[in-house]
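Chemist: My questions concern the predicted model and sequence given below.
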Amino acid sequence: MSDGSTTGPTATPAFELSSIDVSFGGIVALSDVSLDVRPGEVLGVIGPNGAGKTTLFNVACGLVRPQSGTISRNGEALRHLRPNRLPRLGMSRTLQGLGLFDRMTVLDNVMIGADRTARTGFFAGLLGLPSSSKDDTAVRAEAMATLQRLRIGEYAFRLPPSLPYAVRKRVALARALVSKPSLILLDEPASGLSSDEMDELGQLIRSLKQDASVMLVEHHMDLVMSVCDRIVVLDFGKVIAHGTPAEIREDPAVLEAYLGSDAYEGSDATHDN
């Protein structure tokens with residue numbers, strides 16, 4: 001998929017979905033969908049409600065297995081992709097649901113995300129199994145540094161239920177970032193955030209490009225247009241447009257798909273299936 005972008009269309013994609021088909025009980029969710037995330041770019045995936053964005057995200061992180069098509073990481077086909085394989089592939093994800101452990105501190109929640117960087121593992125410590133204090137110290141330091149980067153270090157020893165929703169969103173993001181992935185999959189990271197909080201999120205996402213590629217599934221168009229290098233537009237499970245934000249903004253097929261939709265104005269819209 002090449003559109004003249006300056007982000008290296010000839011480079012081997014960091015991540016690629018090719019000719020993906022997904023059906024549920026005879027209902028087509030995705031039909032012949034292809035996209036690629038290039039090294040060091042933010043790729044946005046947008047579409048009206050019911051377009052298939054969530055299904056596409058679930059395919060990308062191994063929650064849904066397509067009936068046909070290929071998923072590739074750095075040019076190598078991935079077979080039987082599962083969420084538990086993502087860390088070994090240098091990938092991480094956030095979900096619409098935060099997935100935080102309510103009875104663990106913020107720091108411990110983030111340390112779980114760093115577990116693959118330690119030889120013995122944080123969970124081993126939780127279970128009272130033999131572990132390396134050097135590993136534990138390194139994981140804790142990395143987790144705290146990530147919390148500080150996201151400006152939520154002051155909440156390290158708090159429990160998630162006691163925190164505002166926007167802070168919990170950052171905790172979930174910190175857990176995804178702490179393992180230093182080279183590919184980050186973000187699912188609706190702006191949901192529930194205020195305008196100011198969304199601006200801060202945009203700055204953070206742009207900063208991620210220094211070390212990683214990002215695939216962003218989002219319905220807040222202001223955020224998408226401000227942070228993405230390229231955008232793929234879905235409608236009724238098919239790609240109807242792809243290109244730079246400027247190209248997408250003027251694309252007749254995109255305007256028609258969004259005609260009358262509040263999502264195009266950047267307001268809160270319900271999630272698709």
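Modeler: Here it is on my side, so go on.
Chemist: Now do the same for residue 110: helix, strand or coil?
Modeler: helix (DSSP: H, G, I helix; E, B strand; the rest coil).
Chemist: Tell me if I'm right that residue 182 and residue 15 touch.
Modeler: No - contact between residue 182 and residue 15 fails when scored by Cβ atoms under 8 Å: they sit 9.6 Å apart. Any C-beta I mention is one placed from the backbone N, CA and C, and that applies to glycine too.
Chemist: and the next element down the chain from the top helix by length along the chain?
Modeler: Counting residues, the longest helix found in the chain (DSSP state H) is helix 133-149. Remark: after helix 133-149, the chain's next helix or strand is helix 165-177, criterion DSSP states H and E.
Chemist: That next one: what's the following helix or strand?
Modeler: Per DSSP H and E, the helix or strand that comes after helix 165-177 is strand 183-187.
Chemist: what's the angle from that following strand to helix 165-177?
Modeler: 150 degrees (axes from the mean of the first three to the mean of the last three Cα atoms, to 10 degrees).
Chemist: before we move on, the earlier item: more crowded one of residue 182 and residue 15?
Modeler: Legend: neighbour count by other Cβ atoms under 10 Å for residue 182 and residue 15, higher for residue 15 (23 against 17).
Chemist: ok, that one to residue 36 distance?
Modeler: 7 Å (Cβ to Cβ, to the nearest Å).
Chemist: likewise residue 182?
Modeler: From residue 182 to residue 36 the distance is 15 Å (Cβ to Cβ).
Chemist: Which parts of this structure are strands?
Modeler: Assigned strands in the chain, in chain order: 15-24, 27-37, 42-46, 68-73, 76-78, 91-93, 183-187, 213-217, 230-235, 238-243 (criterion: DSSP state E).
Chemist: Show me the shaky parts of the stretch 101-250 of the chain.
Modeler: Under the criterion pLDDT under 70, the flagged ranges of the stretch 101-250 of the chain are 115-135.
Chemist: re earlier: would you mind grabbing the residues shared as contacts by residue 182 and residue 15?
Modeler: Counting by Cβ atoms under 8 Å, 6 or more residues apart in numbering, the common neighbours of residue 182 and residue 15 are 91, 213.
Chemist: show me the contacts for the residue nearest to residue 83 when sequence neighbours are not counted.
Modeler: Excluding the flanking residues, the one nearest residue 83 by Cβ to Cβ, 6 or more residues apart in numbering is residue 62, at 4.9 Å. The neighbourhood of residue 62, defined by Cβ under 8 Å, 6+ apart, consists of 81, 82, 83, 85, 86.
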